[in-house]
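[1] the following comprises the amino acid sequence and a computationally predicted model.
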Amino acid sequence: MARVALEPVNLIVERAAAASAVWARSALPAADREPAHAFGRVAGGDLADGVETIYEGFLVHHAPRGRGFAAPDREQGLLLGDYLYATGLVQVTAAGDVEAIAALSDLVTLAAAQRAEAERPADAELWLATCRHLAGPRDDRLPASRDALRAGDRAPLDALVADDEAQAPLALHRRLMGDA
């Protein structure tokens, strides 16, 4: 766990490369990797490692490239992203937090739908609000904001991430997604 706090992207790449030579070929050279922590630190504790891995899967699926990977084609990108999603969920499962697994699964589903369907996707806000929810307190605000978003109202979600501390992670996500 201590290594992910220091270098989450390098650890994710190292683990994936050890699992498959195919994933190793998609790994960016160390000098070309984006070392930025995204949302794992926000979720914190035993969830940080899994959240960063799931987030890398999301980037591989939906961004121009991941922080540590650039798949040579769309098919390999989908497979690598799926591997990273599954690996991240296994890591979260090890923490024994069933609510976190459900929240992250819902996050990935809704964030992907936002990327595919929304004129102004709220995936950055979903990532940050979900990770804050996982860090606590775990109340009804996140589920209510997701329901509102599904109904076309993003205002409750935006309100969860309207503070000054939210600006850096939201901007990082938008930059990584190619939206900034």
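    Sure thing, it's come through.

[2] for the rest of this, base every contact and every neighbour count on C-alpha atoms.
    Noted.

[3] OK, contacts around the spatially most central residue of the chain?
    In the chain, the centroid-proximal residue (CA atoms, centre = their mean) is Y55; its distance is 2.2 Å. The contact partners of Y55, by CA atoms under 8 Å, 6 or more residues apart in numbering, come to 38-39, 85.

[4] per-residue pLDDT of the residue of the chain positioned farthest from its centre, please?
    When distances are taken from the C-alpha mean of the chain, A21 lies farthest, 23.5 Å away, according to CA atoms, centre = their mean. A21 is assigned 96 on the pLDDT scale.

[5] doesn't G50 make contact with V90?
    Yes: taking CA atoms under 8 Å as the definition, V90 is a contact partner of G50 at 7.5 Å.

[6] point out where the chain drops to low pLDDT.
    For the chain, the stretches with pLDDT under 70 are 1-6.

[7] ok so, going back, V90 and G50 - which one has more neighbours?
    G50 (29 against 15; other CA atoms under 10 Å).

[8] give the contact list for that one.
    Applying CA under 8 Å, 6+ apart to G50 gives the contacts 40, 87-92.

[9] how far does stretch 33-45 sit from the chain's center?
    9 Å (CA atoms, centre = their mean, to the nearest Å).

[10] dump it to PDB, restricted to CA.
    This file holds the C-alpha atoms of stretch 33-45, laid out as PDB (Å, rounded to 0.1, in the frame of the first residue of the first chain):
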ATOM      1  CA  ARG A  33       3.900   8.700 -18.000                       C
ATOM      2  CA  GLU A  34       1.600  11.100 -16.200                       C
ATOM      3  CA  PRO A  35       2.600  10.600 -12.600                       C
ATOM      4  CA  ALA A  36      -0.300  12.600 -11.200                       C
ATOM      5  CA  HIS A  37      -2.500  11.100  -8.500                       C
ATOM      6  CA  ALA A  38      -6.100  11.400  -9.500                       C
ATOM      7  CA  PHE A  39      -8.700  10.300  -7.100                       C
ATOM      8  CA  GLY A  40      -7.200   7.500  -5.000                       C
ATOM      9  CA  ARG A  41      -5.900   9.900  -2.400                       C
ATOM     10  CA  VAL A  42      -9.400  11.400  -2.100                       C
ATOM     11  CA  ALA A  43     -11.000   8.000  -1.400                       C
ATOM     12  CA  GLY A  44      -8.000   7.200   0.900                       C
ATOM     13  CA  GLY A  45      -7.000   4.300   3.000                       C
END
